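*Asks:* Please work out how this folds:
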Amino acid sequence: MTSASTRQSDWIESLYERLADDGDGRVCRAISDEACQAVPGNFVRMLVASTLSGLADKLASAKTTLPWLLAQAGAPGWMLGLLVPIRESGSMLPQLLIGAAVRRLALRKWVWVAGAMLQAACLAALGGVALALQGAAAGWALLGLLVAFSLARGACSVAYKDVQGKTIPKTRRGRLSGWISAAAGLAVLAVGLMLGRLNAQLSTSAIAGLLLAAALCWALAGMAFARIVEQPGATDGGVNGLNEAWAKLALLRDDVPFRQFVVARAMALGSALAAPFYIVLARDALGGSVALLGAFVAVEGLAGLASSPLWGRWADRSSRRVFAAGCSAAALLSIAVAFWSWLAPPAEASRWFYPVAFFALGVAHAGVRLGRKTYVVDMADGNRRTDYVAVGNSVIGVLLLAAGLGGALLAALSVPAVVALAGLAGLIGAGLSLRWREVSD
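*Replies:* Model (predicted):
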C-alpha cells in the first residue's frame, strides 16, 4: 500500500471513529468478518452518496422547483396536483416487483448506482424541458420524466437498505442514518436561505440551473456508492414471474411482527403528509411569498441538522422507541396546530407559532423516519430484509396515494380538520409501535 493510500485509509478510519463513536474496537453484528474489515470506508462512502442524493432531492423538489417550472412554462394547472403523488407513490408502488428482481443479484449496490444515474439523466432532461418547451408539452414531458425518476428511486430504495444491512454493523446503522439526515439537513438549510433571497419571479434559466445541479449531485452520488465494498449475498428466491412477486404479500398475513410494523407505519403517515398543510395554514395567516417559503425550507433543514444525530444514536439502542416518540410528538403537535388555526389568533402570534411548529414537526418526523428505517433493516437478514422493504414500501405507496387524495378532498372543506386527523392517526400508530418486538440488540 502506498503512503498516500495509507494516509487516506487512516483519515477514513479516524472519521468513522468520530462519527460512529467506535473508537473502543469495532463490534460487527449481523455482517460477515470480511464485511467488518471494510466498515469504515463503506460508512463514509454511504454517507457521501446519501448526502449528495438528499441535496439533489431538495434542488429538484416536487414541492418547490417543479411547481415553479410548471407555472413558468404555462402548463395546465391541474398538473400541479400530480407532482407529489407521482414523486412519492411512484417510487414505492413498484417495489414489490423490483424487490423480486433484486433478489437474483449477489451484488446489489449496482442497482442503486444504476438508479442514481437514471435519476441524474431524468433531471438533466428536465433542465432541457425548462429551456426548450412551453405549455402542455412541457407539462406532459415533466410528468413522464418524473414517472421514470420515481421508478429509479424505487429501485434505489430497495437496494440501499439491503446493501446497508450487509455492510454496516447493526449497532451503527442508526448513527449512519442520523449523520446522513444531519448532513442533508445542512444542505436543505442552505437551499432555504438561497430561496429566501430570491425575488418573486424565477427565470427558466435559473430553474434549469437548479435541475442540472441536482443531476450532477445524483451522478456524483452514484460514483461514491459504486466504491462501496459489498460481499456477495444470497440469491435464492429470485423472481420467477409476476405471481411470485405478488405472493410476497402473504408476509402481511403470515408474519405477525412485520404486519404490526406496516400497520403502525401506515398510521404514522401524517407526520409527512401534514407538512404541506402547515404551509397552507401559515400562508392563510401570513400571506404568501418566495421568501416565506424559503424560511420554512430553511427551518426544515435546521430541524434535521439539529435532531437527526441524536435520534440516530437512540435508534441504535431501541429503534421502536424512537419511532414511538417521534410519532407521538408529531401527532400531538398536529392536533395543537389544528386548534391554533381554529382559534384564529392575531397575525403577530402566528408569525412565530407556525415556524416553531414547523421546526418541531421536522424534529419529530426525523425521529419517525430514522426509527422505522433502522427497525426494518434490523428486524431481518438477507432476502427476508429485501422482501420486507419491497412489500412494506409497495403497500405504503398505495396507502400514501389514497391518503393524499383523500386529504386533498377533505382539505377543500377544512384544512385544520386534515391536520387534526393526521394527528389522531399518529397517536394510534405510536401506541401500536410499542407492541413491536425489540430488534436492536
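*Asks:* could you pull out the helices for the stretch 201-350 of the chain?
*Replies:* Taking DSSP state H, counting those that start in this stretch as the criterion, the stretch 201-350 of the chain carries its helices at 204-226, 242-247, 250-254, 256-267, 270-286, 290-343, 347-378.
*Asks:* doesn't residue 396 make contact with residue 262?
*Replies:* Yes: at 7.2 Å, residue 262 counts as touching residue 396 under the criterion of C-beta atoms under 8 Å. C-beta coordinates here come from the backbone N, C-alpha and C atoms, glycine included.
*Asks:* Would you single out the least confident of the helices of the stretch 201-350 of the chain?
*Replies:* For the helices of the stretch 201-350 of the chain, mean pLDDT drops lowest on helix 242-247, to a mean of 62.
*Asks:* could you point out where the stretch 101-250 of the chain is predicted with low confidence?
*Replies:* Along the stretch 101-250 of the chain, the parts satisfying pLDDT under 70 run over 103, 170-171, 173-174, 177, 181, 195-203, 233-246.
*Asks:* Leaving aside the residues adjacent along the chain, what's closest to residue 429?
*Replies:* By the measure of C-beta to C-beta, 6 or more residues apart in numbering, the closest residue to residue 429 outside its immediate chain neighbours is residue 267, 3.1 Å from it.
*Asks:* contacting residues around that neighbour?
*Replies:* By C-beta atoms under 8 Å, 6 or more residues apart in numbering, the contact list for residue 267 reads 327, 425, 426, 428, 429, 432.
*Asks:* do residue 335 as well
*Replies:* Residue 335 makes contact with 419, 420, 423, 424 under the criterion C-beta under 8 Å, 6+ apart.
*Asks:* For the second one, give its distance to residue 129.
*Replies:* From residue 420 across to residue 129, the span is 39 Å (C-beta to C-beta, to the nearest Å).
*Asks:* And the buried ones among the contacts of residue 335, selectable in ChimeraX?
*Replies:* Only the buried members of the contacts of residue 335 enter the following ChimeraX selection, criterion being 16 or more other C-beta atoms under 10 Å:
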select :419,420,423
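*Asks:* wouldn't residue 139 be in contact with residue 70 here?
*Replies:* Yes: applying C-beta under 8 Å as the test, residue 139 and residue 70 come out as touching, 5.9 Å apart.
*Asks:* okay, and the common contacts of these two?
*Replies:* Contact criterion C-beta under 8 Å, 6+ apart; residues shared by residue 139 and residue 70: residue 79.
*Asks:* Give me the more crowded residue out of those two.
*Replies:* Higher neighbour count among residue 139 and residue 70: residue 139, with 23 against 19, using other C-beta atoms under 10 Å.
*Asks:* residues touching the more buried one, list them.
*Replies:* Under the criterion of C-beta under 8 Å, 6+ apart, the contact list for residue 139 reads 70, 73, 75, 76, 79.
*Asks:* What subset of the residues you listed is buried?
*Replies:* With neighbours counted by 16+ other C-beta under 10 Å, the contacts of residue 139 contain buried members at 70, 73, 75, 79.
*Asks:* Surely residue 191 and residue 60 touch.
*Replies:* No: checked against C-beta under 8 Å, the pair residue 191 and residue 60 is beyond contact range at 10.6 Å.
*Asks:* Same question for stretch 337-351: list its buried residues.
*Replies:* Burial within stretch 337-351, assessed by neighbour count using 16+ other C-beta under 10 Å, is assigned to 337, 338, 340, 341, 350.
*Asks:* Quick check: closest non-adjacent residue to the second one.
*Replies:* What that stands for is residue 338. In space, not counting the residues next to it along the chain, residue 338 is nearest to residue 420; the distance is 3.8 Å by C-beta to C-beta, 6+ apart.
*Asks:* Name the helix or strand for that neighbour, please.
*Replies:* Here residue 420 sits within helix 415-433, counting by DSSP states H and E.
*Asks:* quick check: angle from that helix to helix 256-267?
*Replies:* For the pair helix 415-433 and helix 256-267, the angle between their directions (axes from the mean of the first three to the mean of the last three C-alpha atoms, to 10 degrees) equals 160 degrees.
*Asks:* What are the buried residues along stretch 349-369?
*Replies:* In stretch 349-369, the ones that count as buried by 16+ other C-beta under 10 Å are 350, 353-355, 357-369.
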